[in-house]
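J.: predicted coordinates and the sequence they were generated for:
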Amino acid sequence: AQSVTQPDIHITVSEGASLELRCNYSYGATPYLFWYVQSPGQGLQLLLKYFSGDTLVQGIKGFEAEFKRSQSSFNLRKPSVHWSDAAEYFCAVSNTGGFKTIFGAGTRLFVKA
Amino acid sequence: NAGVTQTPKFQVLKTGQSMTLQCAQDMNHEYMSWYRQDPGMGLRLIHYSVGAGITDQGEVPNGYNVSRSTTEDFPLRLLSAAPSQTSVYFCASSYSGTGNFYGYTFGSGTRLTVV
């Protein structure tokens, strides 16, 4: 069965510092991988996705993620965090059809001035 | 272009009552899903649909029914509300072009409290 683990419940970074959010997945075949962001009281917004090909994918808002098959990981990165990035971030994995997308428990990002 | 619209935004039910959470999308997406979000548990899939007339169960389907009579609408029915169904419910839709799944567009959620 597919599963997603986000080891960090919350992370605090200083504004302007770099960010890496961890995501590990379990899936029997080549997965479809996603990162979503949720601001308080809002729905989720898609940041980026990986299907195949180049293992480093670029997303919106300056985020990128790298797929590492050998480590079953899909970590999200940003070189310089802005206060507006404070939110909850969810990693997700789906089957080829996409209709059974499974989400991790989320990592809440706090940004300090 | 409204995207995914969920109504109501807030609802309080008494144990045993039934209700329907509405979800509509205007993007002609064939895939639609319902998730519930609980603290520390991420989002859990309740039911999903891959097209009009086709639905299936997700991870936590008990106590919920769905139907998909049109491409646009995917209502979620709570048959007999229980306090364990207190949660935030999200509807999401997507398309699958050229065999790839491009990720979901989410509604803004319905916060349900069962007392």
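T.: Received the coordinates, thanks.
J.: tell me, what residue is most central in chain A?
T.: Central residue check for chain A by CA atoms, centre = their mean: the C-alpha nearest the mean position is that of residue A:35, 3.5 Å away.
J.: OK, contacts around it?
T.: Counting by CB atoms under 8 Å, 6 or more residues apart in numbering or on different chains, residue A:35 makes contact with A:21, A:23, A:46-49, A:59, A:63, A:65, A:74, A:76, A:89-92. The C-beta positions use only the backbone N, C-alpha and C, and glycine is treated the same way.
J.: filter those down to the ones in strands?
T.: If you go by DSSP state E, the contacts of residue A:35 have A:21, A:46, A:47, A:48, A:49, A:65, A:74, A:76, A:89, A:90, A:91, A:92 in strands.
J.: who wins on neighbours among those residues?
T.: residue A:91 (29 neighbours; other CB atoms under 10 Å in any protein chain shown).
J.: quick one, what contacts it?
T.: So residue A:91 contacts A:4, A:6, A:21, A:23, A:25, A:33, A:34, A:35, A:74, A:76, A:103, A:104 (CB under 8 Å, 6+ apart).
J.: got it, and residue B:10?
T.: B:110, B:111, B:112.
J.: per-residue confidence for the residue in chain B that chain A sits nearest to?
T.: Nearest residue of chain B to chain A: residue B:101, at 2.4 Å (CB to the nearest CB). Here, the pLDDT recorded for residue B:101 equals 73.
J.: what does the one 5 residues further on give?
T.: Here, the pLDDT recorded for residue B:106 equals 95.
J.: show me what the most centrally placed residue in chain B bridges to in the sheet.
T.: Centroid-nearest residue in chain B, with CA atoms, centre = their mean: residue B:34, separated by 2.6 Å. Beta-bridge pairing for residue B:34 (DSSP bridges): residue B:47, residue B:91.
J.: could I get the contacting residues of it?
T.: B:21, B:23, B:45-48, B:58, B:64, B:66, B:74, B:76, B:89-92.
J.: any idea which of those is closest to residue A:84?
T.: residue B:90 (22.1 Å; CB to CB).
J.: give the closest residue to residue 21 in space, chain neighbours not counted.
T.: All of this is about chain A. Sequence neighbours aside, residue A:76 is the residue nearest to residue A:21 in space, at 4.4 Å (criterion: CB to CB, 6 or more residues apart in numbering or on different chains).
J.: was after chain B, sorry
T.: Closest residue to residue B:21 apart from its sequence neighbours, by CB to CB, 6+ apart: residue B:76 at 4.4 Å.
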